[in-house]
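In: predicted structure and sequence below. I'll ask about it afterward.
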Amino acid sequence: MKQQLLQSNQVDINTESFGNPSDPAVLLIMGAMSSLDWWDTEFCERLAAAGRFVIRYDHRDLGQSVVYEPGTSNYTIADLADDAFGILDAYSIEKVNIMGMSLGGMIGQIMAIKHPERVRSLTILASSVFGSEQAELPQMDQEILDFHGKSASIDWNNREEAIAYLADGWEVLSGSKPFEKKRMYALAEREYTRAKQIQSRFNYMYLGGGEDYFDRMNEIRVPTIILHGTEDRALSFERGQALARAIPHAELVTLEGTGHELHTEDWDIIIDAIVRNSSMGE
């Protein structure tokens, strides 16, 4: 693993890479309020071992990337897509295979629409259509909203309390597969330890923009695989189905019993999808 702090889109973005730079590149784009830590190191290493050059990175307001005052809004989802293109420029990558989870899947859609010549393939996990149809689809489960409503009462200087909140947030998102408590607490501890300013993560509550890309999924022409859990209560399975219908020739891979999560029981399926999809894009 090699860490690199880059100037991307005129801001500092922290990246980590795995594997041989001469292999086909895969950019891992995580969801809102989630640092690169939630792409497990072992997951990245396994993907690299399958012959892919893997890059994970911290979005703005997360990890070691640029952070802003908590409670402020300084960028749009379109800016986050431009951050990702800046990473490609810094690594001298002309065309990339994108693996986006949740918000990361929407960023990937914008990238494939804005600069299709730079995207080889698009693999999307636990995400949604980007546009007007979102209002017609099932909304986020109230239990998830209630959990995050407690964030204001957390003492973020209390390491144990903060790590417990970060890890337990994933339990609320999980499906019927066993919650991997030990793993999630270890990842939460790494995120808390690395974060320059942990409370800045909540600036994602104010994230907007990207209207220029609404309802344009039919323009995406790259090989696309949609992976979605049947028990996703954050972005429902119906959203994955809608996305598969909206992107021409997209393949839908159903993850039975999976919630809004990157569960280790699904790693083989997900890695196979990325490798297979990126091979089609060559």
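Out: Yep, that arrived.

In: contacting residues around stretch 230-244?
Out: Defining contact as Cβ atoms under 8 Å, 6 or more residues apart in numbering, one finds that stretch 230-244 is touched by 102, 105, 124, 126-129, 133-134, 137-138, 140-141, 143-144, 173, 175-176, 217, 226-229, 250-252, 254-260. C-beta here means a position set from N, CA and C on the backbone, and glycine is covered the same way.

In: report the buried residues of that stretch.
Out: 231-237, 239-244 (16 or more other Cβ atoms under 10 Å).

In: of those residues, closest to His115?
Out: Leu243 (19.9 Å; Cβ to Cβ).

In: secondary structure element for the closest one?
Out: Counting by DSSP states H and E, the element that carries Leu243 is helix 237-246.

In: next SSE downstream of that helix?
Out: strand 251-255.

In: model confidence over that next one, on average?
Out: Mean pLDDT, strand 251-255: 98.

In: describe which strands that strand pairs with in its sheet and in which direction.
Out: strand 224-229 (parallel) (DSSP bridges).

In: and the strand it pairs with, average pLDDT?
Out: The model assigns strand 224-229 a mean pLDDT of 98.

In: what comes up buried for that strand?
Out: Thr224, Ile225, Ile226, Leu227, His228, Gly229.

In: which residues sit against it?
Out: Against strand 224-229 from outside (Cβ under 8 Å, 6+ apart): 112, 121-127, 175, 237, 239-241, 243-244, 247, 249-261, 266, 269-270, 273, 276-277.

In: extract the C-alpha trace of that strand and format it as CSV.
Out: Output in CSV follows, covering the C-alpha atoms of strand 224-229 (Å, rounded to 0.1, in the frame of the first residue of the first chain):
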residue,chain,number,x,y,z
THR,A,224,-22.2,-1.4,-16.0
ILE,A,225,-22.9,-3.8,-13.2
ILE,A,226,-25.3,-2.9,-10.3
LEU,A,227,-25.0,-4.8,-7.1
HIS,A,228,-27.7,-4.3,-4.5
GLY,A,229,-28.8,-6.0,-1.3
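
In: okay, the angle between it and helix 237-246?
Out: Inter-element angle recorded for strand 224-229 and helix 237-246: 170 degrees (by axes from the mean of the first three to the mean of the last three Cα atoms, to 10 degrees).

In: local confidence estimate at Pro282?
Out: Residue 282: Glu, not Pro. Glu282 is given a pLDDT of 62.

In: picking up where we left off before, let me know the closest of the buried residues of strand 224-229 to Asn158.
Out: Gly229 (32.1 Å).

In: distance check, that closest one against Gln10.
Out: Using Cβ to Cβ, to the nearest Å, Gly229 is found at 36 Å from Gln10.

In: again with Cys44
Out: For Cys44, the distance to Gln10 - Cβ to Cβ - is 27 Å.

In: and Glu161, its phi and psi?
Out: Per-residue torsions, Glu161: phi -70, psi -40 (degrees, to the nearest 10).

In: and the closest residue to it other than its chain neighbours, what pLDDT?
Out: Excluding the flanking residues, the one nearest Glu161 by Cβ to Cβ, 6 or more residues apart in numbering is Asp155, at 5.5 Å. pLDDT recorded at Asp155 is 96.

In: and Asp155, which of the three is it?
Out: coil (DSSP: H, G, I helix; E, B strand; the rest coil).

In: measure Trp170 to Ala152 for me?
Out: For Trp170 relative to Ala152 (Cβ to Cβ), the value is 20 Å.

In: neighbour-wise, which of these two wins?
Out: Trp170 (23 against 8; other Cβ atoms under 10 Å).

In: residues touching the spatially closest residue to the more buried one that is not a sequence neighbour, list them.
Out: Spatial nearest neighbour of Trp170, chain neighbours left out: Met184 (4.9 Å); criterion: Cβ to Cβ, 6+ apart. Shown in contact with Met184 (Cβ under 8 Å, 6+ apart): Ala167, Trp170, Glu171.

In: helix or strand: which one has Met184?
Out: helix 181-194.

In: only alpha carbons, please: show that helix as PDB.
Out: What follows is helix 181-194 as a C-alpha-only set of coordinates in PDB (Å, rounded to 0.1, in the frame of the first residue of the first chain):
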ATOM      1  CA  LYS A 181     -18.900  -6.200  15.100                       C
ATOM      2  CA  LYS A 182     -15.200  -6.800  15.600                       C
ATOM      3  CA  ARG A 183     -14.400  -5.800  12.000                       C
ATOM      4  CA  MET A 184     -16.500  -2.700  12.100                       C
ATOM      5  CA  TYR A 185     -15.000  -1.500  15.400                       C
ATOM      6  CA  ALA A 186     -11.500  -2.000  14.000                       C
ATOM      7  CA  LEU A 187     -12.400   0.100  10.900                       C
ATOM      8  CA  ALA A 188     -14.100   2.700  13.000                       C
ATOM      9  CA  GLU A 189     -11.000   3.000  15.200                       C
ATOM     10  CA  ARG A 190      -8.800   3.500  12.200                       C
ATOM     11  CA  GLU A 191     -11.100   6.100  10.800                       C
ATOM     12  CA  TYR A 192     -11.200   8.000  14.100                       C
ATOM     13  CA  THR A 193      -7.400   7.800  14.500                       C
ATOM     14  CA  ARG A 194      -6.700   9.100  11.000                       C
END
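
In: thank you, goodbye.
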